[in-house]
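>>> Below are the sequence and a predicted model; questions follow.
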Amino acid sequence: MSTGPTFPFQQTPEIFTGNPATVNDSYDTTKPNNGARMLPGTRFYQTDSSGRLLKYRYVRYNPTAAVTLTANTNVPGVVYWKDNTFTIVTPTASEGVSTKLNQAAGYLLNASATAGNYVCIQVAGYLSSAVVGGATAIDDLQIASTNTPLITGRCVSGAYISARPVAVTLAAAVGILAPVLICIEDI
């Protein structure tokens, strides 16, 4: 029995490291597909150890201006769509498609990502320790911010939302880290 055609969004992900948070596939113009191990923009799902559904995208991390990535300081942090093919991201809102805040693509997970390479970003589901805006409390919204690359702003629960929410905080921040439910794309 045939299962029908396979579309790119149904592609089985090739995560050679075994973990989407460690993907850093080299961009190489001498290789087929410029070194991409799957179609850029591919969406895929995994479950965490608690059975929660997590949604990712395979994209190229390609900032114009260099940004130092540091685990638990600015990564996991929000990246923005850099082009209208929705396959390239940047950590700085002003380099995004519209140079505005509402172009958030997802959370960059790999603090060792090399500019120009392919990475996975998380676009929906639970993230145990995202870098969040200062003094974040439970139920606050995390919104894109132009203040610092990768760092979200805080919108107090029940307040006017000045930009599209990227996540809901599930507990008060400890320092600058908090568990969040990412709501950039639908699960």
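On my side now, so go ahead. Numbering: from 1, shown residues only.
>>> Determine the longest strand present in the chain.
When the chain is scanned for its longest strand (criterion: DSSP state E), the result is strand 118-131.
>>> following that one, which helix or strand shows up next?
Using DSSP states H and E, the helix or strand that follows strand 118-131 towards the C-terminus is strand 141-143.
>>> Quick check: next helix or strand after that next one?
Counting by DSSP H and E, the element after strand 141-143 in chain order, helix or strand, is strand 153-155.
>>> How far away from the center of its chain is that next one?
On the basis of CA atoms, centre = their mean, to the nearest Å, strand 153-155 sits 17 Å off its chain's mean C-alpha point.
>>> who does the next helix or strand after it touch, helix- and strand-wise?
Moving toward the C-terminus from strand 153-155, the next helix or strand (DSSP H and E) is strand 165-169. Applying 3 or more CB pairs under 8 Å, 6 or more residues apart in numbering; DSSP states H and E, we find strand 165-169 packed against strand 104-108, strand 141-143, strand 177-183. Backbone N, C-alpha and C define where each C-beta goes, glycine included.
>>> For the ones you listed, please prepare CSV with the additional fields mean neighbour count and distance to residue 122.
Shown next, in CSV, are the helices and strands packed on strand 165-169 (neighbours: other CB atoms under 10 Å; distance: least, CB to CB, whole Å):
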stretch, mean neighbour count, distance to residue 122
strand 104-108, 26, 5
strand 141-143, 25, 13
strand 177-183, 21, 6
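>>> What residues sit buried inside the longest strand of the chain?
Buried residues in strand 118-131, counting neighbours by 16 or more other CB atoms under 10 Å, are found at 118-127, 129-131.
>>> circling back: format the helices and strands packed on strand 165-169 as CSV; extra columns: mean pLDDT and distance to residue 78.
CSV is the format used below for the helices and strands packed on strand 165-169 (pLDDT from 0 to 100; distance: least, CB to CB, whole Å):
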stretch, mean pLDDT, distance to residue 78
strand 104-108, 97, 5
strand 141-143, 94, 8
strand 177-183, 97, 9
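>>> With distance to residue 45 added, can I get those strands in CSV?
Compiled in CSV, these are given as follows (distance: least, CB to CB, whole Å):
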stretch, distance to residue 45
strand 104-108, 14
strand 141-143, 22
strand 177-183, 13
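>>> Of these, give the one that comes closest to residue 162.
Smallest distance to residue 162 across those (CB to CB): 6.6 Å, for strand 141-143.
>>> Parallel or antiparallel, list what pairs with that closest one.
Looking at strand 141-143 with DSSP bridges, its partner strands are strand 153-155 (antiparallel), strand 165-169 (antiparallel).
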